[in-house]
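Visitor: coords below, sequence missing:
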Ligand SMILES: C[S@@+](CC[C@H](N)C(=O)[O-])C[C@H]1O[C@@H](n2cnc3c(N)ncnc32)[C@H](O)[C@@H]1O
């Protein structure tokens with residue numbers, strides 16, 4: 001199966017460095033499309049902190065508040081189950097790197113009643129400023145597109161990131177893995193998602209050949225770290241990236257996502 005007409009158009013616009021411009025009009029379309037249902041959501045959930053529509057669009061590609069909230073709950077549940085199974089009945093310090101508007105972090109709690117200290121960081125300072133205003137029980141910090149996160153070594157028991165490596169350049173992949181390694185305590189647990197095999201179908205013929213030959217495939221010509229800058233990871237790429245860790249495992253995708261979930265442990 002080849003690319004859809006819309007995907008082909010995006011490939012052309014990217015080549016012409018026009019993708020971000022076109023994307024803004026797509027955002028306006030999405031804003032209008034979800035206007036009525038979002039109004040209903042706001043009326044039904046008056047106490048839920050809701051980020052500006054553009055911030056939601058930038059992390060999920062539409063403005064649907066029902067989807068935003070439900071996906072956050074689902075991912076938080078699945079991450080919580082993975083962490084609790086790995087580190088049962090423990091007080092943990094946990095970092096959501098690339099937390100955006102706390103879609104996941106706001107729902108995260110242990111499945112066995114353990115006490116977790118939650119931290120979030122992101123390079124989008126607007127998202128972090130919004131989070132700091134709305135979630136006083138969580139620590140938030142801004143980082144640059146490149147490391148470091150201004151926190152001391154061996155600070156976290158667990159670091160997770162959902163759909164962050166999926167928007168980084170090759171150079172930043174290695175730099176950020178090294179930074180995550182630095183921030184984890186010895187024996188610390190890491191969870192990350194990647195654009196794996198399930199995304200191969202969205203690649204052009206040439207990209208598929210590179211993906212199959214074990215290359216990291218990058219779609220650039222737009223702002224790194226943002227939604228339209230995308231990276232695709234075959235298993236070989238992820239294994240190489242996580243080679244400094246032990247107990248590297250590939251799990252199934254989270255419910256309602258196609259991204260491959262991987263876990264690893266920082267060696268003692
Ligand atoms: C697709 S969104 C996912 C947001 C969040 N993890 C979630 O699942 O709701 C990608 C996020 O990664 C952030 N990001 C991209 N590059 C980053 C970097 N170098 N450091 C920290 N955050 C980054 C973006 O600002 C954005 O919030």
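Guide: Perfect, thanks for sending it. Keep in mind it's a predicted model, so treat the numbers as computed, not measured.

Visitor: CA only for contacts and neighbour counts going forward, please
Guide: OK.

Visitor: what pairs with the closest residue to residue 163 other than its chain neighbours across the strands?
Guide: With CA to CA, 6 or more residues apart in numbering as the criterion, residue 163 has its nearest non-adjacent residue at 5.7 Å, and that residue is residue 193. Note on residue 193: beta-bridge partners by DSSP bridges are residue 261.

Visitor: Am I right that residue 193 is in contact with residue 162?
Guide: Yes - using CA atoms under 8 Å, residue 193 makes contact with residue 162 at a distance of 5.3 Å.

Visitor: Name the residues of this protein found near the ligand, please.
Guide: 59, 97-100, 103-104, 122-124, 143, 145-146, 161-164, 225-227 (CA under 6 Å from any ligand atom).

Visitor: Does residue 119 belong to a helix, a strand or coil?
Guide: Three-state call for residue 119 (DSSP: H, G, I helix; E, B strand; the rest coil): strand.

Visitor: Wait, it touches residue 138, no?
Guide: Yes - at 5.8 Å, residue 119 counts as touching residue 138 under the criterion of CA under 8 Å.

Visitor: Compare the two (neighbour count), which wins?
Guide: Remark: of residue 119 and residue 138, residue 119 carries more neighbours, 19 against 15, as counted by other CA atoms under 10 Å.

Visitor: That one bridge partners, please.
Guide: Note on residue 119: beta-bridge partners residue 95, residue 139, judged by DSSP bridges.

Visitor: quick one on the thing from earlier: so which of residue 193 and residue 162 has more stuff around it?
Guide: Each of residue 193 and residue 162 has its neighbours counted (other CA under 10 Å); residue 193 has more, 25 against 21.

Visitor: That one: what's it in contact with?
Guide: By CA atoms under 8 Å, 6 or more residues apart in numbering, the contact set of residue 193 is 161, 162, 163, 164, 165, 166, 259, 260, 261, 262.

Visitor: Not counting residues beside it along the chain, what's closest to residue 98?
Guide: Residue 98's closest residue in space is residue 122 (CA to CA, 6+ apart), at 4.4 Å.

Visitor: May I have the residues that are in contact with that neighbour?
Guide: Residues near residue 122 by CA under 8 Å, 6+ apart: 97, 98, 99, 100, 128, 141, 142, 143, 144.

Visitor: quick one on the thing from earlier: narrow the residues of the chain next to the ligand to those in helices?
Guide: Counting by DSSP state H, the residues of the chain next to the ligand place residue 59 in helices.

Visitor: So which of the residues of the chain next to the ligand sit within strands?
Guide: Among those, the residues falling in strands (DSSP state E) are 97, 122, 161.

Visitor: from the residues you listed, which is closest to the ligand?
Guide: Of all those, residue 122 has the smallest distance to the ligand: 3.7 Å, by CA to the nearest ligand atom.

Visitor: ok but residue 265 is inside a helix, no?
Guide: No - secondary structure of residue 265 (three-state DSSP): strand, not part of a helix.

Visitor: Now do it against the ligand, distance only.
Guide: 20 Å (CA to the nearest ligand atom, to the nearest Å).

Visitor: pretty sure that residue contacts residue 190?
Guide: Yes - because the distance of 6.1 Å satisfies CA under 8 Å, residue 265 is recorded as touching residue 190.

Visitor: So which of these two has more stuff around it?
Guide: residue 190 (25 against 22).

Visitor: what's the angle between the one helix or strand that one maps to and strand 260-266?
Guide: Element membership for residue 190 (DSSP states H and E) is strand 184-194. Strand 184-194 and strand 260-266 are oriented at 170 degrees to each other (axes from the mean of the first three to the mean of the last three CA atoms, to 10 degrees).
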